[in-house]
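>>> I'll drop the sequence and a predicted model, then ask my questions.
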Amino acid sequence: MERTFVMVKPDGVKRGVIGSIINRFEQKGFALMAIKLMQIDLALAEEHYRDLRTKPFFGELVGYLTSGSVCAMIWEGPNAVANARSLIGKTNPVEAAPGTIRGDYAMDVAGNIVHGSDSPESAAREIGLFFTQELPITTFMGFPYNEQSAE
Ligand code: GDP
Ligand code: MG
């Protein structure tokens, strides 16, 4: 079993496709481990995409990521990182195959509506950045879920 970090970016949240994206992960067989709606600040956006800081589009990228709420999620399953990347599709929606999330919901690389970690190491780093507390097996809204809190 492996975990990966997936995030519906601000354009996906604004367009109301969080549910459609969650549905694809559930249909594929992933298990949702944690989910939260949040606003990313500039420091977190820059840290998340630190490997791209020398790219000419870095300013546009962190501006995009901080332009509205995002939906941060942890999904679990066998080969979760690679399976999530294939569901999401290629970075540039022009090249993303129909049937993939980016292929079906996006047209421009500057607004490709969803993020997925690119390696198990990236997944661990990104989960640590976005979900700072220790995660139990079952979580709800990013908080420990148990009988007591359900009452
Ligand atoms: P990903 O792992 O498929 O998301 O792709 P990368 O890690 O290479 O890039 C991270 C994100 O940067 C992409 O998902 C896009 O949102 C954004 N991005 C990549 N290339 C460009 C570009 O040429 N212009 C702009 N504005 N954004 C880009
Ligand atoms: Mg990437």
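On my side now, so go ahead. Ligands and ions are numbered 1, 2, ... in the order given.
>>> the chain: strands as residue ranges?
2-8, 31-39, 69-77, 114-116, 139-140, 143-144 (DSSP state E).
>>> what packs against the fourth one?
Secondary-structure packing of strand 114-116 (3 or more Cβ pairs under 8 Å, 6 or more residues apart in numbering; DSSP states H and E): strand 2-8, helix 80-88, helix 101-105. Heads up, the C-betas are built off the backbone N, CA and C, glycines and all.
>>> now with 6 Å?
strand 2-8, helix 80-88 (3 or more Cβ pairs under 6 Å, 6 or more residues apart in numbering; DSSP states H and E).
>>> what's the closest of these to ligand 1?
Smallest distance to ligand 1 across those (Cβ to the nearest ligand atom): 7.1 Å, for helix 80-88.
>>> which other residues reach that closest one?
For helix 80-88, the surrounding residues in contact (Cβ atoms under 6 Å, 6 or more residues apart in numbering) are 2, 3, 4, 6, 24, 28, 101, 114, 116, 117, 120, 123.
>>> of the residues you listed, closest to residue 35?
Closest approach to residue 35 among the contacts of helix 80-88 (Cβ to Cβ): residue 6, at 9.4 Å.
>>> I'd guessed that closest one sits against residue 116; true?
Yes - using Cβ atoms under 6 Å as the test, residue 6 is close enough to residue 116 to be in contact (5.1 Å).
>>> returning to that earlier point: where among the strands of the chain is the average confidence lowest?
Averaged per stretch, pLDDT over these is lowest on strand 143-144, reaching a mean of 47.
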